[in-house]
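**Student:** no sequence for this one, just the structure:
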C-alpha cells in the first residue's frame, strides 16, 4: 500500500538540495561563528550569507533578521520581547481567537503579567474584521499580533489593511507568517509589519531553525541570557548547518514559488472534484477563494475527527484535524470554534488536507478515493 502525505501544513519533507547543502557543513564546518580564528570566520561567513538571502526574501535589511529555533520561539520573542520593552507606553495588546498556540499561549502569559489583551473574533469566511480591529485599537495599544495565513483553514488575513491603519500609531505590528512564507510574495515594507515570524521546516527546509524579522530601531528585550549573538537579541551559539539548509530551501523556493502555487492549487481542485464525483457530502470551512494554494479544511457531516483520522491512517493517508502541535487531542479545533461557536458539529468533524512536494496528481486522486470510501462507511 502506498502511503500518501497530505499534511504539509504540519511539516514538509526536506528538499534533496537542502540535504546536499547541509552534509558538507556537518562534515567540514564545525567552528564557532564567534571565534576569531579561521574556523570561526568560515562559519561566520556562511551565517552572514544565509542572513543576506533570508533578508532579501522579504525585502528586509540583513541586520533585521534574528535567527531562532523556529516559529514558536520567533512568536514568543516578538510578543514577550516587545511587550516588556514597551510597557511604559501602555499595556494593551490586540490579537485574534484563531492564532497558533505559540501566540495564544504567549498572550495568555502576558495577561497574567498584567497586560490587557483583546482577542478579535473570526467570522464564517475565516477572516477577522478590519472594522473590529479599528474599534479595538486604543492609545494604550503597544502591540498587535495577527497571523498572515491561518494554519488550519489556510485563510489569508487582511494584513496590509491593518498595517496601513497602524502606520501612524505607536503599536508594533507582528505577523506569524509561517504558513504564508514560501507561497506568498512577502515585502515587509509594503505590509507595514514591524515583526514577522518564519520557520524553515514549512518550506522543505530543516527543523529547528527559523527567524524573526524585527524592524531596525524596534525596542525588543531578549528572552534569554548569555552571549551577545544576534546583536544581543538571542544569545547562544548559532545553528550554522541549519541556517545553510534554510538558505538553500529559500533559494529553491524563490525559483519555484509560482510553479508550486499552480501545482498545489491544481492538487486541491482535483481532490475536491474527486470527492464530489464520489458523491461525498462536504463543506469547506472558510472562504475557499481566500485560501493559500496548499490548504483546504473540510467538514464531513455525520462523522467525527478521531475515527476519520484513525481510518485515514490505516488506509495510508496522512492528514490532520488542525495544528500538529495538538495532535493526539480530540478537543474541538479552537480555530473552528472561533468561526462557528463551540458546539457546532464542524469543530469535531473537520479535516485539514494540505498539499506539497510529497504529492503527485496520481496520489492525490488515490487519496481522495480512499477518503471517500472511509467517509461513506463512517457517516452516521
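**Tutor:** Great, that's in hand. Since the model is a prediction, treat every value here as computed from it, not as a measurement.

**Student:** all helices for this protein, in order.
**Tutor:** Applying DSSP state H to the chain gives helices spanning 16-28, 38-57, 71-85, 101-112, 130-136, 159-165, 188-191, 229-232, 240-277, 305-314, 334-340, 361-378.

**Student:** Make CSV from these and add mean neighbour count, distance to residue 149 and mean pLDDT to it.
**Tutor:** Glycine gets a C-beta too; all of them are placed from N, C-alpha and C. Listed next are these as CSV, based on neighbours: other CB atoms under 10 Å; distance: least, CB to CB, whole Å; pLDDT from 0 to 100:
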stretch, mean neighbour count, distance to residue 149, mean pLDDT
helix 16-28, 14, 22, 98
helix 38-57, 17, 16, 98
helix 71-85, 24, 12, 98
helix 101-112, 18, 13, 98
helix 130-136, 14, 17, 98
helix 159-165, 18, 9, 98
helix 188-191, 16, 13, 98
helix 229-232, 16, 26, 94
helix 240-277, 19, 13, 98
helix 305-314, 16, 22, 96
helix 334-340, 24, 12, 96
helix 361-378, 18, 21, 97
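
**Student:** which stretch among the ones you listed comes nearest residue 286?
**Tutor:** In terms of CB to CB, the element of the helices of the chain nearest to residue 286 is helix 334-340, at 7.1 Å.

**Student:** Show me how far the closest one is from its chain's centre.
**Tutor:** 18 Å (CA atoms, centre = their mean, to the nearest Å).

**Student:** same question, stretch 119-130
**Tutor:** Worked out by CA atoms, centre = their mean, stretch 119-130 lies 18 Å from the chain centre.

**Student:** Endpoints of it, how far apart?
**Tutor:** Terminal residues of stretch 119-130 are spaced 13 Å apart (CA to CA, to the nearest Å).

**Student:** Tell me the buried residues in that stretch?
**Tutor:** 119-120, 122, 125-128 (16 or more other CB atoms under 10 Å).

**Student:** how much space between residue 74 and residue 200?
**Tutor:** Residue 74 sits 11 Å away from residue 200, going by CB to CB, to the nearest Å.

**Student:** shared neighbours, the two?
**Tutor:** Both residue 74 and residue 200 are in contact with residue 210, where contact means CB atoms under 8 Å, 6 or more residues apart in numbering.

**Student:** hmm, back to that, strands - which of the buried residues of stretch 119-130 land there?
**Tutor:** With strands taken from DSSP state E, the overlap with the buried residues of stretch 119-130 comprises 119-120.

**Student:** For the buried residues of stretch 119-130, give me a markdown table that also has pLDDT and distance to residue 55.
**Tutor:** Below are the buried residues of stretch 119-130 laid out as a markdown table (pLDDT from 0 to 100; distance: CB to CB, whole Å):
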| residue | pLDDT | distance to residue 55 |
| --- | --- | --- |
| 119 | 98 | 32 |
| 120 | 98 | 30 |
| 122 | 98 | 32 |
| 125 | 97 | 33 |
| 126 | 97 | 31 |
| 127 | 98 | 29 |
| 128 | 98 | 28 |
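
**Student:** Could you identify the most distant pair in the buried residues of stretch 119-130?
**Tutor:** 119 and 125 (18.0 Å).

**Student:** Contact partners for the residue nearest to the spatial centre of the chain?
**Tutor:** The C-alpha lying nearest the average C-alpha coordinate of the chain belongs to residue 178 (CA atoms, centre = their mean; 2.5 Å). Neighbour list for residue 178: 71, 100, 147, 151, 197-199, 202, 210 [criterion: CB under 8 Å, 6+ apart].

**Student:** and what of residue 129?
**Tutor:** 120-121, 123 are the contacts of residue 129 under CB under 8 Å, 6+ apart.

**Student:** returning to that earlier point: excluding covalently adjacent residues, which one is nearest to the residue nearest to the centre of the chain?
**Tutor:** Nearest in space to residue 178, with sequence neighbours left out and distances taken as CB to CB, 6 or more residues apart in numbering, is residue 71 at 4.3 Å.

**Student:** ok, the residue nearest to residue 228 when sequence neighbours are not counted - contacts?
**Tutor:** The shortest distance from residue 228 to any non-neighbouring residue, by CB to CB, 6+ apart, is to residue 235 (7.0 Å). If a contact means CB under 8 Å, 6+ apart, then residue 235 has 222, 224-229 as its contacts.

**Student:** circling back: output the helices of the chain in CSV, with distance to residue 348 appended to each entry.
**Tutor:** CSV is the format used below for those (distance: least, CB to CB, whole Å):
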stretch, distance to residue 348
helix 16-28, 37
helix 38-57, 38
helix 71-85, 26
helix 101-112, 18
helix 130-136, 26
helix 159-165, 30
helix 188-191, 35
helix 229-232, 42
helix 240-277, 19
helix 305-314, 6
helix 334-340, 9
helix 361-378, 13
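
**Student:** Of all those, which one is nearest residue 293?
**Tutor:** helix 240-277 (4.1 Å).

**Student:** Now do the closest one: which elements does it pack against?
**Tutor:** helix 16-28, helix 38-57, strand 295-299, helix 361-378 (3 or more CB pairs under 8 Å, 6 or more residues apart in numbering; DSSP states H and E).

**Student:** Within the sheet, what are the partner strands of the shortest one, with directions?
**Tutor:** So the one you mean is strand 295-299. strand 283-284 (antiparallel), strand 350-354 (antiparallel) (DSSP bridges).

**Student:** ok, residues contacting it?
**Tutor:** Against strand 295-299 from outside (CB under 8 Å, 6+ apart): 9, 149, 152-154, 179, 268, 271-272, 275, 282-286, 288, 336, 345-346, 349-355.

**Student:** Noted, bye for now.
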